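*Asks:* The following comprises the amino acid sequence and a computationally predicted model.
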Amino acid sequence: QFAVSPQNAYIQFGSDIRGSYYDLNGTGNAAVTGFYPLRLGNPGLKPERSKTLDIGLSTLILNRTIRFSLDWFKETNKDLIIYPDLPGTGGEASAPAVNAAAMTNKGMEFELSYIKAWGDLKFTGRILVSAYRNSIDKLAFGIPFMEKGAISIGNVVRNQKGQPMSVFYGYKVAGIFGSENEVVASPLQDGAEPGFLRYENIDKSTDWDGNQEINQEDRTVIGDPNPKCTYGIDFSFTFRHFDLSAFIYGSKGNEIYNNNLWWINFWQSFQGQKSRDLLYDSWTPSNPAASVPKASNKSKFSTNTTIN
């Protein structure tokens, strides 16, 4: 017991006959129960902290039938709890929870409502508009970014300082190689050939011979799932014991990563159902302005093996 670390009080242990039992006595027919760490603990973990500033204006006009309100808010979150990735030398135990991030949300909310009654008939209508901006202010020392959202070709989501939460990260497609001359004139790119995807050289890096090339440093933010604004319209009619109501909701400015295209626009990804675009508008020498790369069995960096 004296050799056991005091940190064990914060570690969750488990036992498994295939992973932690061992024949310490050398009998050849009996194993001694053993334990191993399932999740590492963190005695220094603190609760997340949040601070909100809200400034609002609200008024009623026309005999209280019309209500108008406007709010500006700023919410600051600190000591956000995450589970960072551990290096391979960290063993099989799950990572400990750590306070490793700070984030800010700020925006505005607008509401306009109308209420009117005519005897037993009553009408209520409301319009709501909301907009916010999200920013990651801090990540713990030693954590430059965090990537999650693993799909068939890697992590599509990245969280890093100065960016909104959960942006899409990958290579930015500049078009499709239209000819061999275009391949030669473009930065060096693995698997490049006419009909395949052409990526932007974001960092303008060069190889040993001074030729521009596409590499890991050319990955960049390619989308933001956070909407620029959301809006809603709801209204209702009531008449004695009857009511009729409806609600419309919308979101504008947010982007999505359509992983479905990986399956249906690339022949080599899944040779089953394919899109009409692949059949009728994929690249061919006679269709150099196509919207979809050429149908090919090659699975390369320039086709379907990277986030773009």
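*Replies:* Sure thing, it's come through.
*Asks:* What separation do you get for F145 and Q216?
*Replies:* With distances taken as Cβ to Cβ, to the nearest Å, F145 is found 13 Å from Q216. In this view, the C-beta of every residue, glycine as well, is placed from N, C-alpha and C.
*Asks:* Of the two, which one has the most company?
*Replies:* Higher neighbour count among F145 and Q216: F145, with 12 against 9, using other Cβ atoms under 10 Å.
*Asks:* quick one: the more buried one from S135, how far?
*Replies:* Going from F145 to S135 by Cβ to Cβ gives 14 Å.
*Asks:* where are the low-confidence patches of the protein?
*Replies:* Residue ranges of the chain with pLDDT under 70: 1-10, 150, 205-211.
*Asks:* how about the strands in it?
*Replies:* Per DSSP state E, the chain carries strands over the ranges 12-14, 36-39, 49-61, 66-82, 98-118, 121-139, 145-151, 154-160, 167-170, 173-176, 197-199, 220-223, 229-239, 242-252.
*Asks:* what helices or strands is the fifth one leaning on?
*Replies:* With contacts defined as 3 or more Cβ pairs under 8 Å, 6 or more residues apart in numbering; DSSP states H and E, the packing partners of strand 98-118 are strand 66-82, strand 121-139.
*Asks:* How about the fourth one?
*Replies:* Packed against strand 66-82 by the contact rule (3+ Cβ pairs under 8 Å, 6+ apart) you find strand 49-61, strand 98-118.
*Asks:* got the contact list for that strand?
*Replies:* Identification of contacts with strand 66-82 by Cβ atoms under 8 Å, 6 or more residues apart in numbering yields 45-61, 97-115, 137, 146.
*Asks:* which of the residues in it are buried?
*Replies:* Neighbour-count burial for strand 66-82, counted by 16 or more other Cβ atoms under 10 Å, picks out R67, F73, E75, N77, K78, D79, L80, I82.
*Asks:* partners of that strand, with directions?
*Replies:* Applying DSSP bridges, strand 66-82 is found paired with strand 49-61 (antiparallel), strand 98-118 (antiparallel).
*Asks:* Need the winner for burial among those.
*Replies:* Comparing these by mean neighbour count (mean count of other Cβ atoms under 10 Å), strand 98-118 ranks first with a mean of 16.
*Asks:* chain center to that strand, what's the gap?
*Replies:* Its chain's C-alpha centre and that of strand 98-118 lie 22 Å apart, by Cα atoms, centre = their mean, to the nearest Å.
*Asks:* Restrict that strand to CA atoms and write it as CSV.
*Replies:* Written as CSV, here are the backbone C-alpha positions of strand 98-118 (Å, rounded to 0.1, in the frame of the first residue of the first chain):
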residue,chain,number,x,y,z
VAL,A,98,-9.2,19.2,-17.7
ASN,A,99,-10.1,22.9,-17.6
ALA,A,100,-8.6,23.9,-21.0
ALA,A,101,-10.7,26.4,-22.9
ALA,A,102,-12.5,29.7,-22.8
MET,A,103,-15.2,30.9,-25.2
THR,A,104,-17.3,34.0,-25.9
ASN,A,105,-20.7,34.3,-27.4
LYS,A,106,-22.2,37.7,-28.2
GLY,A,107,-25.2,38.8,-30.2
MET,A,108,-28.6,40.4,-30.4
GLU,A,109,-32.2,39.2,-30.1
PHE,A,110,-35.2,41.0,-31.5
GLU,A,111,-38.9,40.3,-30.9
LEU,A,112,-42.0,42.0,-32.2
SER,A,113,-45.4,40.6,-31.1
TYR,A,114,-49.0,41.6,-31.7
ILE,A,115,-52.1,40.6,-29.6
LYS,A,116,-55.6,41.5,-30.5
ALA,A,117,-59.0,40.3,-29.4
TRP,A,118,-62.4,40.7,-31.1
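*Asks:* count of residues packed around F196?
*Replies:* Residues lying near F196 (other Cβ under 10 Å) number 21.
*Asks:* residues touching it, list them.
*Replies:* Taking Cβ under 8 Å, 6+ apart as the test, what F196 contacts is I176, F177, P293, K294, S296, K298, K300, S302, T303.
*Asks:* picking that back up, what about the strands of the chain, which gets the closest to N265?
*Replies:* Minimum separation from N265 across these (Cβ to Cβ) falls at strand 197-199, 10.7 Å.
*Asks:* What lies in contact with the closest one?
*Replies:* By Cβ under 8 Å, 6+ apart, the residues outside strand 197-199 that reach it are 171-177, 182, 186, 189, 192, 214, 218, 293, 302-303, 308.
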